[in-house]
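Undergrad: Have a look; sequence and predicted model below, questions after that.
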Amino acid sequence: MKKIFMILIIATVSLFAGMKYSDPKPTFDDPRRIIMKLNMSDVKEANHLIGTIYNLLKDYPSDTLKVTVIAYGPGMRVLKKDYDKHTLSRIRSLMEYEVDFIGCRNTMQTMKWVEKDFIDDITYVQAGIAEVIEKQVAGSIDATPY
């Protein structure tokens, strides 16, 4: 029993050894909630945002970080099935790490796009920018890297 207890203590300490987290520390029940705005269609900028998310996933212990990408305006183009294949592959990989992607129906309506034009597993809201605002009011941190 004592050995198991020591292993648990060492494992817990090692989770937070690499980075100094502010109080309250992120936990499974209270993870850091991060939003990132995807509002441009440039491949280089989209991949920079994706790379930033990968870096965050490396720095935070599993299940202590919840990332949501909110796409609107030109950023909706990045989530279309006919976008850059390498970028879409990276996005699908992030979805496997439970990164959520939310798309803007207003942009879709303006551009005459429909859900079948986009990759699977996107959640849609009417107004992407309103979703950004509401997530921030609810305590999410905007960490968009531009």
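TA: Yep, that arrived. Since this is a predicted model, take the numbers as computed values, not measurements.
Undergrad: report the longest helix in this protein, please.
TA: Using DSSP state H, we find that the single longest helix of the chain is helix 43-59.
Undergrad: Does anything pack onto the following helix or strand past that one? Which helices or strands?
TA: Next in sequence after helix 43-59, counting helices and strands by DSSP states H and E, comes strand 65-71. Strand 65-71 makes packing contacts with strand 32-38, helix 43-59, strand 100-104, helix 128-137 when contacts are defined by 3 or more Cβ pairs under 8 Å, 6 or more residues apart in numbering; DSSP states H and E. The C-beta positions use only the backbone N, C-alpha and C, and glycine is treated the same way.
Undergrad: quick one on the thing from earlier: other SSEs contacting the longest helix of the chain?
TA: Secondary elements touching helix 43-59 (3+ Cβ pairs under 8 Å, 6+ apart): strand 32-38, strand 65-71, helix 85-96.
Undergrad: so where's this structure uncertain?
TA: For the chain, applying pLDDT under 70 flags the ranges 1-19.
Undergrad: surely V78 meets N39?
TA: No. Taking contacts as Cβ atoms under 8 Å, V78 lies outside contact range of N39: 9.7 Å.
Undergrad: who touches both of those two?
TA: A71 (Cβ atoms under 8 Å, 6 or more residues apart in numbering).
Undergrad: what's the distance between N39 and M76?
TA: 9 Å (Cβ to Cβ, to the nearest Å).
Undergrad: Which residues are in contact with each of those two?
TA: Common neighbours of N39 and M76 (Cβ under 8 Å, 6+ apart) are G128.
Undergrad: V78 and N39: which is more packed in?
TA: Set V78 next to N39 and count neighbours by other Cβ atoms under 10 Å: V78 wins out with 28 against 22.
Undergrad: Name the SS class of the more buried one, please.
TA: The three-state label given to V78 by DSSP: H, G, I helix; E, B strand; the rest coil is helix.
Undergrad: so who does the closest residue to it other than its chain neighbours touch?
TA: Spatial nearest neighbour of V78, excluding adjacent residues (Cβ to Cβ, 6 or more residues apart in numbering): A46 at 4.8 Å. Neighbouring residues of A46 by Cβ under 8 Å, 6+ apart: L38, M40, G75, V78, D84, T87.
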